[in-house]
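1. Below is the sequence, then the predicted model.
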Amino acid sequence: MLEARLEQAALLKKVVDAIKDLVQDCNFDCNDTGIALQAMDNSHVALVSMMLKAEAFSPFRCDRNISLGVNLTSLTKVLRAAQNEDILTVKAEDGPDVLNLVFESSANDRISEYDLKLMDIDQEHLGIPDTEYAATIAMPSVEFRRIVADLTAMSESVNIEASKDGVKFSSNGDIGNGSVTLRSHTDLDKPELNVDIELTEPVSLTFSLKYLGNFCKAAALSTQVKICLSNEVPLLVEYTLAGSSYLRFYLAPKIGDDE
Amino acid sequence: MARTRSTKAAPAPKKASTDSKSASSKFALAPQSENPSKLFILPSKAASDARIVTLPNPRHSRPARYLVCPETGIYEFTKVAAPKTTPRSWLIETTPASTGADTEKDDTQLKAETSTGQELYLATAIDPLFLSLPALAEIKTSKGSGEQKRMFLTSDDHFEKLPEESSHLSEILRCPKTRALIEARMGAICDTVEAGDETMFRLNEKTLVGVILDKAKKMSKGGFPLSMDEKFVKKALEAPILVQKREMKGGELVTGPPDTDSQVSTPQIESTESQSTVASTETTASSVSQPSTAATSFSEGQVTTDSIVSAMEASPEIVQLQRLRVAFNFICSNYVAPTLAAQLQELLATSSTDFSPLDEYHSKLSKLRADAVTSRSTGDYSRKHDRDEEEDEARAEKKRKLEEEKKKKASESRGVRELKKVNTKGMKKMSDFFKKK
């Protein structure tokens, strides 16, 4: 049986919000280390991997490995009933039919309880190896979201070029072209605004802006985002959550046709 | 032939006495009789010693009932019955007065009963030659060879060949009058040779065809029953109807319907005559056309007034020939064994009556009909209804799928839907980078 209590419902709300536009149905795999999720979009060019470690919950109890097949649109509907500050408890039996969600408002003793029907989802799990990336860029998640939004106006894809000068996001579209270049920047007062570029070799890759825009919905989860690039390897966009929990997005680069 | 109402006057030997005389109570229903009364209409001229006998049917050689009267000949029974879907019954009332002549030995003054058997048996005269025909033609049918094999035989030898099973032929032949009658009719279709005091018979097909043809002529002259005429003569000769005007060609095809011809054409002549007298300024060409046959002018009149015309119409001669042929076929199909009938059909072609105009007409007609069918098939919408049903099914299927899709869409976020439209060209699948666990 699973019983996990989140101090703030906002975390789950935001995670699901960030994933629901990429994935329709997915399995929440629960074991004693926490709740994990891995899913691909319909085209299988992007992958989302989430890990909510047991420490994120207080308390967390999971006796057996449980797979919770959930339709994310339905889960979103249920979570909409929860306030950000509500205490959220998810419960499920072993071999469950439903996922039980309880929202407790600490301000007024309001308790709402929902049962979400589960479904059987046949999903393949991919083994993602630990990769040494050629370029790793840490930047404010809001900055990344802004760059993606701005360049989406120009084109459907963006070229990310990391060199010793900095990282350049450039797009070439029908109405013209545009680019944003970031250099390493350290703000001592506000470390969340730091831009940190680690480079072992220059990289230049092209990605779909639509997908990146989708990833950026997770910006609410974390002030910083880590972008990892290597040639011929999917881009990794990682949002660090409380503790060592994370939400990672992988996206296959566009190869061959530049516009 | 007066209508006589009688139960079986003299039951055939094999038949059990039919009239079970149940003294019926006024109130209780009498038990159902095992042999319910049957209704016959017998010729009044038939003598009292007429008998109902069983003889082999000339067509299929199975036993059938015949009324044999030594004075007036042999009668066959025609069953008149309504279809089973419209059940009827007879109320039979026998009064001493009406049954006085019959063998009814009644002790009740008045007897009435109902019969659920709705059949009415009508005795009609049959030419005895048909009864002897299977015997006369027997050799040919069995050995299937030429005329020379057929031998002159005495009538007795011929009769022996008839199936004897449940046949009363030998009994009725004992009556000299009946025997003479049959032999006389046999003579009409056979070559005969006198051998001593006996007459030897051998079937002559040509004479037989002649005799049947004479019967057919008689039959067709008297006119067919309306339903028969409609089905076998009018329908068979009817040409497909053409909507557009069609130029008439060939004098014999231009005639109007044969039965109305004489009546309609007469006023037509009068009208043309009156026309010519009134309109004296008409051109010579039109006055030349006036003496044309009444039939032609009639058909012309029809063409101009009607845009819907038959492609061709049969002349009275052709109708007459058709009637004759139908009559001949009718007789053959009723009284002559199939194998012999086929032979007779062949012989008919070489007979004195020339059917070639009719054959010509039929070949033309079949061509016209084929043409009409092909021209119609292009504009044939009769199958449209079927297709409609299929379409309905397809539409329902489509609707169902659409609803399913809608449901699926509801479970899918806007973002997911929009990602489907994203151009993923040049992007490899995740499984190309990461191996399955």
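-> Yep, that arrived.
2. Could you count how many residues lie near whatever residue of chain A ends up closest to chain B?
-> For chain A, the residue closest to chain B is A:Asp21, as judged by Cβ to the nearest Cβ, at 2.2 Å. Quick note: C-beta positions are derived from backbone N, CA and C, even for glycine. Counted with other Cβ atoms under 10 Å in any protein chain shown, the neighbours of A:Asp21 add up to 23.
3. how close does the nearest residue to it once chain neighbours are set aside sit to A:Leu241?
-> Of all residues not flanking A:Asp21 in the chain, B:Gly415 sits nearest, at 2.2 Å (Cβ to Cβ, 6 or more residues apart in numbering or on different chains). Plainly put, B:Gly415 is 21 Å away from A:Leu241 if you go by Cβ to Cβ, to the nearest Å.
4. now chain B, which segments are flagged as low pLDDT?
-> B:1-34, B:36, B:95-110, B:138-149, B:165-166, B:242-312, B:376-388 (pLDDT under 70).
5. residue ranges for the strands of it, please.
-> Ranges of strands within chain B are B:39-41, B:51-56, B:63-69, B:73-80, B:90-94, B:111-115, B:120-126, B:153-154, B:190-195, B:198-203, B:241-242, B:309-310, B:435-436, based on DSSP state E.
6. Need those strands in a markdown table (columns: mean neighbour count and distance to chain A).
-> As requested, the strands of chain B are exported to a markdown table (neighbours: other Cβ atoms under 10 Å in any protein chain shown; distance: least, Cβ to the nearest Cβ, whole Å):
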| stretch | mean neighbour count | distance to chain A |
| --- | --- | --- |
| strand B:39-41 | 19 | 80 |
| strand B:51-56 | 21 | 81 |
| strand B:63-69 | 21 | 78 |
| strand B:73-80 | 18 | 74 |
| strand B:90-94 | 15 | 77 |
| strand B:111-115 | 16 | 75 |
| strand B:120-126 | 17 | 78 |
| strand B:153-154 | 18 | 94 |
| strand B:190-195 | 14 | 94 |
| strand B:198-203 | 18 | 89 |
| strand B:241-242 | 14 | 64 |
| strand B:309-310 | 19 | 69 |
| strand B:435-436 | 9 | 5 |
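7. Around the residue of the stretch 1-150 of chain B found nearest chain A, how many other residues sit close by?
-> Here the residue of the stretch 1-150 of chain B nearest chain A is B:Thr85; by Cβ to the nearest Cβ that distance is 60.8 Å. For B:Thr85, the count of nearby residues is 5 (other Cβ under 10 Å).
8. need the residues of chain B near chain A, please.
-> B:410-416, B:418-420, B:422-437 (Cβ under 8 Å from any Cβ of the partner chain).
9. Just the buried ones from the residues you listed?
-> The neighbour-count criterion (16 or more other Cβ atoms under 10 Å in any protein chain shown) marks B:412-413, B:415-416, B:419, B:422, B:424, B:426-428, B:430, B:433-434 among the residues of chain B next to chain A as buried.
10. In helices, which of these appear?
-> Secondary structure from DSSP state H places B:Gly415, B:Val416, B:Leu419, B:Met430, B:Phe433 of these in helices.
11. coming back round to it: for the residue of the stretch 1-150 of chain B closest to chain A, what are its contacts?
-> Applying Cβ atoms under 8 Å, 6 or more residues apart in numbering or on different chains to B:Thr85 gives no contacts.
12. ok, A:Gly34 - contacts?
-> Going by Cβ under 8 Å, 6+ apart, A:Gly34 touches A:Met51, A:Leu52, A:Lys53, A:Ala54, A:Glu55, A:Ala56, A:Phe57, A:Phe60, A:Ser245.
13. want to throw these into a markdown table with neighbour count?
-> As requested, the contacts of A:Gly34 are exported to a markdown table (neighbours: other Cβ atoms under 10 Å in any protein chain shown):
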| residue | neighbour count |
| --- | --- |
| A:Met51 | 19 |
| A:Leu52 | 26 |
| A:Lys53 | 17 |
| A:Ala54 | 19 |
| A:Glu55 | 13 |
| A:Ala56 | 20 |
| A:Phe57 | 23 |
| A:Phe60 | 20 |
| A:Ser245 | 22 |
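14. returning to that earlier point: nearest to chain A, of the buried ones among the residues of chain B next to chain A?
-> B:Gly415 (2.2 Å).
15. Thought A:Leu22 was touching that closest one, still the case?
-> Yes. Counting by Cβ atoms under 8 Å, B:Gly415 touches A:Leu22, with 6.8 Å between them.
16. Are there residues contacting both of these two? Which ones?
-> A:Asn214.
17. Which residues of the stretch 51-200 of chain A lie near chain B?
-> A:Asn71, A:Leu72, A:Thr73, A:Ser74, A:Thr76, A:Glu124, A:His125, A:Leu126, A:Gly127, A:Ile128, A:Pro129, A:Glu156.
18. What is the lowest-pLDDT residue among the residues you listed?
-> Least confident of those in the model: A:Glu124, at 82.
19. Run through the bridge partners of the residue lying closest to it once chain neighbours are set aside.
-> Among residues not flanking A:Glu124 along the chain, B:Lys436 sits closest, at 5.6 Å (Cβ to Cβ, 6+ apart). Beta-bridge partners for B:Lys436, by DSSP bridges, are A:Leu126.
20. so who does B:Lys436 touch?
-> Counting by Cβ under 8 Å, 6+ apart, B:Lys436 touches A:Glu124, A:His125, A:Leu126, A:Gly127.
21. let's see it at 7 Å
-> A:Glu124, A:His125, A:Leu126 (Cβ atoms under 7 Å, 6 or more residues apart in numbering or on different chains).
22. which strands and helices sit next to the one helix or strand A:Val225 maps to?
-> Secondary structure assignment for A:Val225, by DSSP states H and E: strand A:224-229. In this structure, strand A:224-229 makes packing contacts with strand A:135-140, helix A:141-152, strand A:235-240, judged by 3 or more Cβ pairs under 7 Å, 6 or more residues apart in numbering or on different chains; DSSP states H and E.
23. Great, nothing more from me.
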